[in-house]
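Trainee: model this:
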Amino acid sequence: MENYQILNQLGDGTFGSVVKALHKSSGQVVAIKKMKQKYYSWEECMKLPEVVVVRRVHGHPNIIKMREVIREKNELYFVFEFMDGDLLGAIRRAKQMQGYNSAASGPALAYPKIKSYTFQILQSLAYLHRCGYFHRDMKPENLLVRKDPSASSQEILKLADFGLVKEIRARPPHTDYVSTRWYRAPELLLQDRCYNSPVDIWAVGCIIAEMITTRPLFAGSNEVDQLHKIMAVLGSPNEHIWPNGMTLAKKIRYTFPTITGIGLERVMPSHVPPHAMDLMKQMLNYDPKNRPTAQQCLQHPYFNVG
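Mentor: This next block holds a predicted model:
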């Protein structure tokens, strides 16, 4: 770590803290993540999902670049390229700057920017899934943004934080606790242990809605409340809509209440482009088998219209 000068603290999470630092010899600004757990061998470090996956998907323009892994006195550090901030910060800043009024003035984040961010999120996911992994913790804080040096009006978005990533072909059962609750797919809330990459797609549907309204789409206070928040909008699932969901519910002795949802249109502002609404609806399908893949989402008409 003697090659770096720490500039300031950027954040502190469950698994580690992040600082902004300067590489002394090159003058390059980087972000360094220090893991809270101690590691006593290099082999142990190299087996971490975050290391394995970032090396495997290295080079994609919408995935964060890991520049170096350092183990020093049993402390582990990941050195990443530096980004200006995250999508949550971008949403909050836009809301503050516009004195936001969704009904009257359009979204706080301009629609072209929302479309650009969405496209880049899906590009990163399509590549990650193609490489055989799914993220499991898609949320605005894990999507980093910075100004594009080649086009000042554009911003580059990159997917980060691969600590919970899983192989698509990995045999279940998977861990039941994954992802921040507000972005958690219904199958996760029903403790499905055979979930897969469609959980990432559900989360992106929630993120698009949040970019438009500047507030979380389904902000549940616990797992049951989270399901109720989803049903309040989408209605209750049934055997026809999501047969496996009924099986999962029975296993944990949960009975779906009969709720007629108000519909996504009622919770979104009236100025949402129809194609954006359609894409969100497809992503927010109860049945993971019926959600489009990230690659299919990229072919949606939403991205073909101005």
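Trainee: can you pull the contacts of residue 294?
Mentor: 122, 125, 126, 129, 197, 200, 201, 204 (CB atoms under 8 Å, 6 or more residues apart in numbering). Backbone N, C-alpha and C define where each C-beta goes, glycine included.
Trainee: distance of it from residue 52?
Mentor: Separation of residue 294 from residue 52 (CB to CB, to the nearest Å) stands at 20 Å.
Trainee: tell me what the host helix or strand of residue 208 is packed against?
Mentor: Element membership for residue 208, per DSSP states H and E: helix 198-213. Other helices and strands packing on helix 198-213, by 3 or more CB pairs under 8 Å, 6 or more residues apart in numbering; DSSP states H and E, are helix 87-98, helix 111-130, helix 186-189, helix 264-267, helix 274-283, helix 294-298.
Trainee: which residues are in contact with the first one?
Mentor: For helix 87-98, the external contacting residues (CB under 8 Å, 6+ apart) are 100, 105, 108-109, 117, 139-141, 143-145, 155, 157, 207, 210-211, 214.
Trainee: switch the cut-off to 6 Å
Mentor: In this structure, residues lying in contact with helix 87-98 by CB atoms under 6 Å, 6 or more residues apart in numbering are 108, 109, 140, 141, 143, 145, 214.
Trainee: please apply the same query to stretch 158-175.
Mentor: So stretch 158-175 is contacted by 15, 49-50, 53-54, 62-64, 124, 132-137, 142, 144, 178, 193-194, 197 (CB under 6 Å, 6+ apart).
Trainee: filter those down to the buried ones, ChimeraX style.
Mentor: In ChimeraX, a selection of the buried entries from the contacts of stretch 158-175 looks like this (16 or more other CB atoms under 10 Å):
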select :50,53,54,62,63,64,124,133,134,135,136,137,142,144,178,197
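Trainee: just to revisit the earlier point, now the helices and strands packed on helix 198-213 in TSV, with distance to residue 230 and mean pLDDT?
Mentor: Output for the helices and strands packed on helix 198-213, formatted as TSV (distance: least, CB to CB, whole Å; pLDDT from 0 to 100):
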stretch	distance to residue 230	mean pLDDT
helix 87-98	21	89
helix 111-130	21	97
helix 186-189	6	96
helix 264-267	11	96
helix 274-283	13	98
helix 294-298	20	98
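Trainee: of these, flag the one that's most buried.
Mentor: helix 186-189 (a mean of 24; mean count of other CB atoms under 10 Å).
Trainee: who does that one touch, helix- and strand-wise?
Mentor: helix 223-234 (3 or more CB pairs under 6 Å, 6 or more residues apart in numbering; DSSP states H and E).
Trainee: let's see 10 Å
Mentor: Helices and strands touching helix 186-189, by 3 or more CB pairs under 10 Å, 6 or more residues apart in numbering; DSSP states H and E, are helix 198-213, helix 223-234, helix 243-251.
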